[in-house]
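Peer 1: Sequence isn't available, so here's the structure alone:
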């Protein structure tokens, strides 16, 4: 597309929308990832932990562009919950935020909380040392 519109002005006109989408997606993914990760770590080995691990594995393995198209089609076109184009609100990047929350943060937090908890390890060693005497 050819125009005499300066590139810096075009970027400047759209930077506010871009920043609001990035910040809202980041905040949503961190909050959801923390909650899911801590809940999965608290009940390690349970059904929620396994479901979280399965969901994060699928989320990491799935291509972003394909998941985005599927979610836009399902939530936008089929259910009519979100607009399929344009900009309406800073809280709209649900497809990217849910993918990020599903994949990396929950899995990482679950592993870190469950495997590197010194209180839990200390309690196990105390229990073992008192029962072997």
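Peer 2: Yes, it's here. The structure presented is a predicted model; accordingly, all values stated were derived computationally and were not measured.
Peer 1: pLDDT averaged over stretch 64-84 - what is it?
Peer 2: On average, the pLDDT along stretch 64-84 is 84.
Peer 1: Can you give me the neighbour number for residue 5?
Peer 2: Residue 5: 10 surrounding residues under other CB atoms under 10 Å. Every residue, glycine included, has its C-beta placed from N, CA and C.
Peer 1: what's near enough to touch it?
Peer 2: Going by CB atoms under 8 Å, 6 or more residues apart in numbering, residue 5 touches no other residue.
Peer 1: so what's it scoring on pLDDT?
Peer 2: 81.
Peer 1: And for the one 3 residues further on?
Peer 2: Model confidence at residue 8, given as pLDDT, is 88.
Peer 1: tell me which element it falls in.
Peer 2: helix 7-42 (DSSP states H and E).
Peer 1: Give the next helix or strand downstream of that helix.
Peer 2: Beyond helix 7-42 toward the C-terminal end (DSSP H and E), the next one is helix 47-61.
Peer 1: which helices and strands does the next helix or strand after that following helix pack with?
Peer 2: Following helix 47-61 in sequence order, the next helix or strand is helix 64-71 (DSSP H and E). With contacts defined as 3 or more CB pairs under 8 Å, 6 or more residues apart in numbering; DSSP states H and E, helix 64-71 has these neighbours: helix 94-115.
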